[in-house]
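Engineer: what follows is a protein structure lacking sequence information:
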């Protein structure tokens, strides 16, 4: 979906550059940009839980106060009440969004955290008469949503009680489809912490406390990868390098990378000489087609480019709102890395933020 839009983005960039008689070169673009609720209208909260970039290039943010997005140099959001749910004996209104993805015909899917039975909300981008729908996936804690961009007929939903698949059944109607639970026998553990998909080959990866269960869309087969005892730690985040099919796992302690059916490597605070901070890796992201990876930790943003480690913290990078990095997403069209923290949003691009 994103690949189809690259040519359009290039044409638009050329058009506006000529129209304004200016060219936004690498030399005059900052490497970092920072956004927060206090200085940016349209941002609902600084506590970012998840990030997703849609096929139109909109950068979506899930927060503890609803969803909002950045598009064409402006910030906006759907009605926050669209995500309302109540919790606790006093019925406190919440709208915590822990997962975002895109489905058929640009429909946007949102997973809520501790929202009761109807933890999935879908936004119809075509028919305003049926703008919103709710889905019950049998869990009140959605941990991830992914779709296969080359075939967006299915939405994969991971929860702390298992996983489900939504299948669109009418190519002309976003609101028609079936929701099926994936048998828990396919998983190492029914409690799933995170999910990711390789957009090149269709492998879907589910991270759990002791390993990964993954599904090959083409062969329709399931496989498992078990973490070795010495490096066993709950998996909290997953990212994939598409061309090599290397899977990167952020854990409560350390990082593991593995290739399905092949080798694995394990990184800890000790064997990296302290370059990887001790503690939970909340988010993992790759540049998809090359050899750069980023790890969001509670002690800053860590980059592993080829074999070289680099750490960004508030001490050496004032533009970073916080050292607690909760979400990451890479824009492979503009080469921007979007960073969600508990105190705001940052964008990083070593060639200049676009």
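Structural biologist: Cool, the structure landed. Here the structure is a predicted model, which is why all the values come from computation and not from measurement.

Engineer: what's the distance between residue 268 and residue 278?
Structural biologist: 8 Å (CB to CB, to the nearest Å). C-beta: built from backbone N, CA, C; applies to glycine.

Engineer: which element follows the helix or strand of the chain with the lowest mean pLDDT toward the C-terminus?
Structural biologist: Every helix and strand of the chain was ranked by mean pLDDT, DSSP states H and E. The lowest is helix 2-20, at a mean of 39. Later in the chain than helix 2-20, the nearest helix or strand by DSSP states H and E is strand 32-35.

Engineer: that following strand packs against which elements?
Structural biologist: Here strand 32-35 touches strand 345-348, going by 3 or more CB pairs under 8 Å, 6 or more residues apart in numbering; DSSP states H and E.

Engineer: which helices and strands does the strand it packs on pack with?
Structural biologist: strand 32-35, strand 336-341.

Engineer: 10 Å instead?
Structural biologist: Counting contacts by 3 or more CB pairs under 10 Å, 6 or more residues apart in numbering; DSSP states H and E, strand 345-348 packs against strand 32-35, strand 48-53, strand 59-63, strand 300-305, strand 325-331, strand 336-341.

Engineer: out of the ones you listed, which gets nearest to residue 99?
Structural biologist: strand 48-53 (5.6 Å; CB to CB).

Engineer: averaged pLDDT, that closest one. What do you get?
Structural biologist: Mean per-residue pLDDT for strand 48-53: 98.

Engineer: Three-state assignment for residue 178, please.
Structural biologist: strand (DSSP: H, G, I helix; E, B strand; the rest coil).

Engineer: how much space separates it from residue 242?
Structural biologist: 29 Å.

Engineer: between those two, which is the more surrounded one?
Structural biologist: Ranked by neighbour count (other CB atoms under 10 Å), residue 178 and residue 242 place residue 242 first, with 18 against 9.

Engineer: before we move on, what SS does the residue nearest to that one when sequence neighbours are not counted have?
Structural biologist: Excluding its sequence neighbours, the residue lying closest to residue 242 (CB to CB, 6 or more residues apart in numbering) is residue 200, at 4.1 Å. Using three-state DSSP, the structure places residue 200 in coil.

Engineer: count residues in the vicinity of residue 200, would you?
Structural biologist: Applying other CB under 10 Å, I find that residue 200 has 16 neighbouring residues.

Engineer: per-residue confidence at it?
Structural biologist: 90.

Engineer: isn't it up against residue 246?
Structural biologist: No. The criterion here is CB atoms under 10 Å, and residue 200 misses it with residue 246 at 11.9 Å.

Engineer: any shared contact partners between these two?
Structural biologist: Taking CB atoms under 10 Å, 6 or more residues apart in numbering as the criterion, residue 200 and residue 246 both touch residue 240.

Engineer: doesn't residue 171 fall inside a helix?
Structural biologist: No. Under three-state DSSP, residue 171 sits outside any helix and is assigned coil.

Engineer: give the contact list for it.
Structural biologist: Residue 171 touches 104-105, 153, counting by CB under 10 Å, 6+ apart.

Engineer: give me the more crowded residue out of residue 268 and residue 278.
Structural biologist: Between residue 268 and residue 278, residue 268 has the larger neighbour count (other CB under 10 Å), namely 17 against 13.

Engineer: just checking, that one touches residue 252?
Structural biologist: No. The pair residue 268 / residue 252 is not scored as a contact, 11.6 Å apart, by CB under 10 Å.

Engineer: thank you kindly, that will do.
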